[in-house]
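Asks: Have a look; sequence and predicted model below, questions after that.
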Protein chains: 2
Amino acid sequence: MDSDREQGTRLMPKWDAAGLVTAVVTDHASGEVLMLAHMNAEALEATIASGEATFFSRSRGRLWKKGETSGHVMRVVEMRIDCDQDALWLRCEPAGPACHTGERSCFYRRIEGGALVRDA
Amino acid sequence: MDSDREQGTRLMPKWDAAGLVTAVVTDHASGEVLMLAHMNAEALEATIASGEATFFSRSRGRLWKKGETSGHVMRVVEMRIDCDQDALWLRCEPAGPACHTGERSCFYRRIEGGALVRDA
């Protein structure tokens, strides 16, 4: 355990081998988990500077501001980091659906008895 | 895009190169994000079968039932999966603190102006 990282007040993300941490985005108002994505150092800096969630797209290999094409930006109300600083929690105010499918949240199916069920 | 994976009712997790998916755990009652962890196929099966959150510990290289030593098990109220099936959302009823530091949530610090602040 790195006690400075766990107990301290210094932001020192524990980047993985690809230079990323995981970021979970929730709806500030409802608490619903909207999406999971990844950030590199540049994405984290951009998010802090702009107040709008910016990620690193692993598939496209580049910085990706959420809503850059859809307009569905995520305004960051609060950003938190976990004990070992390898995960971020962004409480956001979404300007539209988080999911590329048009669903409000990417988690639009629940697991029941080993199968997937959409909300009614 | 794999439309069966995104639109279908079949549980077909998209395991990463290490055979894992990310799992985010929230408190069923408060909506608070408690922790992030990883699951392999065996951990997911054990979680579905037992109704208690079981993960794969990357540091220990083995299955790890949350609370196996602390007693702070996470009873799963609902489990959801995201659009591309590489992330799980577990809504849980925690029997105690989620964090090994004794904090209720691993996300006990917020990021403010590039530094970390504990809740008062």
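Replies: Arrived safely, thanks for sending. Quick caveat: nothing in here was measured; it's all calculated off a predicted structure.
Asks: pLDDT value on residue A:2, please?
Replies: Listed pLDDT for residue A:2 reads 67.
Asks: Now the closest residue to chain B within chain A. Nearest residue, chain neighbours left out?
Replies: Nearest residue of chain A to chain B: residue A:31, at 2.7 Å (Cβ to the nearest Cβ). For glycine as for every other residue, the C-beta is placed from the backbone atoms N, C-alpha and C. Setting aside the residues directly before and after it, residue A:31 is nearest to residue B:31 in space (Cβ to Cβ, 6 or more residues apart in numbering or on different chains), at 2.7 Å.
Asks: That neighbour in helix, strand or coil?
Replies: With DSSP: H, G, I helix; E, B strand; the rest coil as the basis, the three-state label of residue B:31 is coil.
Asks: who are the neighbours in contact with it?
Replies: For residue B:31, the contact set (Cβ atoms under 8 Å, 6 or more residues apart in numbering or on different chains) comprises A:26, A:30-32.
Asks: now do residue A:47
Replies: Residue A:47 neighbours (Cβ under 8 Å, 6+ apart): A:39, A:53-54, A:76, A:79, A:90.
Asks: got the phi/psi numbers for the residue of chain A closest to chain B?
Replies: Backbone torsions of residue A:31, given as degrees, to the nearest 10, read phi 80, psi 0.
Asks: Look up the pLDDT of it for me, please.
Replies: 96.
Asks: next one: residue A:119
Replies: pLDDT, residue A:119: 84.
Asks: Quick check: closest non-adjacent residue to it.
Replies: Residue A:119's closest residue in space is residue A:108 (Cβ to Cβ, 6+ apart), at 6.7 Å.
Asks: Surely the one you found is in contact with residue A:101?
Replies: Yes: Residue A:108 is within contact range of residue A:101, at 7.4 Å (criterion: Cβ atoms under 8 Å).
Asks: More neighbours: which of those two?
Replies: Using other Cβ atoms under 10 Å in any protein chain shown as the criterion, residue A:108 and residue A:101 rank with residue A:108 on top: 20 against 14.
Asks: The closest residue to residue A:52 other than its chain neighbours: how many residues sit nearby?
Replies: Leaving aside its chain neighbours, residue A:52 sits nearest to residue A:73 (5.0 Å; criterion: Cβ to Cβ, 6+ apart). The number of residues packed near residue A:73 is 20, by other Cβ under 10 Å.
Asks: ok, residue A:73 touching residue A:65?
Replies: Yes: the pair residue A:73 and residue A:65 qualifies as a contact (Cβ under 8 Å) at a distance of 7.3 Å.
Asks: Which parts of chain A are strands?
Replies: In chain A, the strands defined using DSSP state E lie at A:21-27, A:33-39, A:54-57, A:62-65, A:74-81, A:87-94, A:109-112, A:115-118.
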